[in-house]
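Q: sequence and predicted structure below; questions after.
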Amino acid sequence: MSTFIHHTAIVANGAEIGDGCHIGPFCTVGEQVRLAAQVRLDSHIVVDGDTSIGEETHIFPFASVGLAPQDLKYAGEPTATRIGKRNHIREFVTIHRGTNGGGGLTQIGDDNLLMAQAHIAHDCKIGNNVIMANAATLAGHVEIADRANVGAYSGVHQFCRVGLEAFVGGYSVVVKDAPPFAVIQGNHAKCYGLNKIGLKRRGYSKETIEKLHHAYHLLLTAKLNTTQAVERIKDEISDCKEVDILVEFIESSERGIVK
């Protein structure tokens, strides 16, 4: 596989460019950047800092990856950005590298779709198969679990988590942890229960969906506080790993969950 580098692109000495990469017009690639095989940079893209990008990731025009974070405490210390395989990073997306205070790493998994103008701030951790719609914004230190969706023009507050398969509707403001398998919507966001349609589309069994529905009934509508609801869920629902994921998510929350 031959690598193509347009004559107007600037690729610094020290950058590692894999087989079959395409670096289009007016791209800038820094000296610490590592592009795996078949990464495509369309045009007018800046990739800088200690940044690695996995195989077959496609970055569209005017994106910015691995630049210094928008954190006033950042003083130029060496930190990193790690991006996995087969991601689609659309126009004007911005992804900033980590900070010492957040572990020094911004990390994105595989097979994600980051739509135009999405922003991933310093020290965020993104799983696999995540969709961030247009202009969805993550503040620093946010964690997004696998197969979650963050709707257009939504914002997620610092240190919040978005759980497995969670669906955050458009124009939402998430200031607490968004629980897994749920629909979260609004400003400030509220939880509207189980995302039944999404779970059916993803092939979850009827039994699993019923158990999760019962767990969310106890959590949201049974007039119990969160601690009481979790104890009832443990007592009444067994042999369901998805419910176990929900319980663990609630019990490990430091900011509290969206209810």
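A: Yes, it's here.
Q: now for the helix or strand bottoming out on mean pLDDT in the chain, which elements pack on it?
A: Here the helix or strand of the chain ranked lowest by mean pLDDT, DSSP states H and E is helix 196-201, holding a mean of 95. With contacts taken as 3 or more CB pairs under 8 Å, 6 or more residues apart in numbering; DSSP states H and E, helix 196-201 sits against helix 206-220. Where you see a C-beta, it was placed from the backbone N, CA and C, and this is true even at glycine.
Q: so how far is the following helix or strand past the helix it packs on from its chain's centroid?
A: Counting by DSSP states H and E, the next helix or strand C-terminal to helix 206-220 is helix 226-236. Mean-position distance between helix 226-236 and its chain equals 29 Å (CA atoms, centre = their mean, to the nearest Å).
Q: elements contacting helix 226-236?
A: Counting by 3+ CB pairs under 8 Å, 6+ apart, helix 226-236 packs on helix 206-220, helix 241-251.
Q: contacts for it, please.
A: 214-215, 218-219, 222, 224, 243, 246-247, 250-251, 256-257, 259 (CB atoms under 8 Å, 6 or more residues apart in numbering).
Q: dump the helices and strands packed on helix 226-236 to CSV, plus mean neighbour count.
A: Listed next are the helices and strands packed on helix 226-236 as CSV, based on neighbours: other CB atoms under 10 Å:
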stretch, mean neighbour count
helix 206-220, 18
helix 241-251, 18
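Q: save those helices as TSV, and put in mean pLDDT and distance to Lys73 too.
A: TSV is the format used below for the helices and strands packed on helix 226-236 (pLDDT from 0 to 100; distance: least, CB to CB, whole Å):
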stretch	mean pLDDT	distance to Lys73
helix 206-220	98	36
helix 241-251	98	29
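Q: what's the most centrally placed residue in the chain sitting at in phi/psi?
A: The centroid of the chain falls nearest to Ile126 when counting by CA atoms, centre = their mean (3.3 Å). The phi/psi pair for Ile126 (degrees, to the nearest 10) reads phi -110, psi 130.
Q: my guess is it contacts Ile108. True?
A: Yes - using CB atoms under 8 Å, Ile126 is in contact with Ile108, at 4.4 Å.
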